[in-house]
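Participant: How does the following fold in three dimensions:
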Amino acid sequence: MMLTHPTLDQMQALGLAGMAAAYRQLAEQDNAADLSRDEWLGLMLDREAAIRADRRLTNRLAAAKLRFVDACIEDIDFAFRRGLDRRNTLQLAQGAWLKAHDNLILTGQTGTGKTWLACAFGRQAARLDHSVLYLRVPRLFEDLAMARLDGRFPRLIDKLARVQLLILDLCAARSDVERYRSPRY
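Facilitator: Predicted coordinates:
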């Protein structure tokens with residue numbers, strides 16, 4: 001068993017948990033002496049960078065509040081008759097449209113998986129280091145109305161404007177549709 005090393009304590013104190021874990025792991029290996037200092041440092045930095053990237057992705061996905069949290073581009077079934085073009089979909093997954101501040105509108109029949117596909121694009125955007133937020137439109141309207149009443153409206157609009165990919169899902173439960181239907185219609 002390895003004794004606690006002052007360097008490990010400093011790494012932990014500085015918030016370098018990934019580097020500390022890599023240091024411990026390297027020190028316990030039999031061939032650790034064969035590695036140069038540069039290799040040790042490189043491996044430790046790689047681990048720290050990977051852990052921070054994972055943490056950022058986890059935080060972005062939690063903040064996104066995706067309806068289908070497990071939806072991802074890799075799981076799209078192109079064999080199913082939805083009219084999805086594989087090449088176009090995979091090109092969109094590269095995220096150039098996000099960098100160009102373009103919009104993406106998914107349309108189709110009820111039950112064809114538009115919400116799932118939107119969540120898959122949201123997950124991909126988070127992987128590409130973009131902020132994402134999923135909102136159902138009826139709920140957004142309620143939040144906007146309440147924000148106007150209690151004075152949070154400017155902050156809410158500012159929050160929505162800062163999101164790089166805002167997914168607005170028009171799909172609503174029957175009760176939501178009936179609640180927002182005007183009595184004149």
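Participant: which residues touch Arg56?
Facilitator: Shown in contact with Arg56 (Cβ atoms under 8 Å, 6 or more residues apart in numbering): Asp129. Yep, even glycine has a C-beta here, placed from its N, CA and C like the rest.
Participant: Could you measure from it over to Leu98?
Facilitator: In this structure, Arg56 lies at 16 Å from Leu98, with Cβ to Cβ, to the nearest Å as the measure.
Participant: what does Cys171 give?
Facilitator: Taken as Cβ to Cβ, the span from Cys171 to Leu98 is 22 Å.
Participant: which of these two has more neighbours?
Facilitator: Leu98 (20 against 15; other Cβ atoms under 10 Å).
Participant: Was I right to think that one contacts Val132?
Facilitator: No - Leu98 lies out of contact with Val132 (Cβ atoms under 8 Å); the separation is 9.7 Å.
Participant: Pull up the overlap in contacts between those two.
Facilitator: Common neighbours of Leu98 and Val132, counting by Cβ under 8 Å, 6+ apart, are Ala125, Gln164, Leu165.
Participant: Show me those residues that map onto helices.
Facilitator: Counting by DSSP state H, the part of the shared contacts of Leu98 and Val132 found in helices is Ala125.
Participant: Go through the shared contacts of Leu98 and Val132 and say which is closest to Leu104.
Facilitator: Nearest to Leu104 among these is Leu165, at 8.6 Å by Cβ to Cβ.
Participant: Could you confirm Ile167 falls within a strand?
Facilitator: Yes - assignment of Ile167 by DSSP: H, G, I helix; E, B strand; the rest coil places it within a strand.
Participant: Provide a list of residues in contact with Phe153.
Facilitator: Leu144, Ala147.
Participant: So what's the residue count around Ala161?
Facilitator: By the criterion of other Cβ under 10 Å, Ala161 has 8 neighbours.
Participant: doesn't it fall inside a helix?
Facilitator: Yes - counting by three-state DSSP, one finds Ala161 located in a helix.
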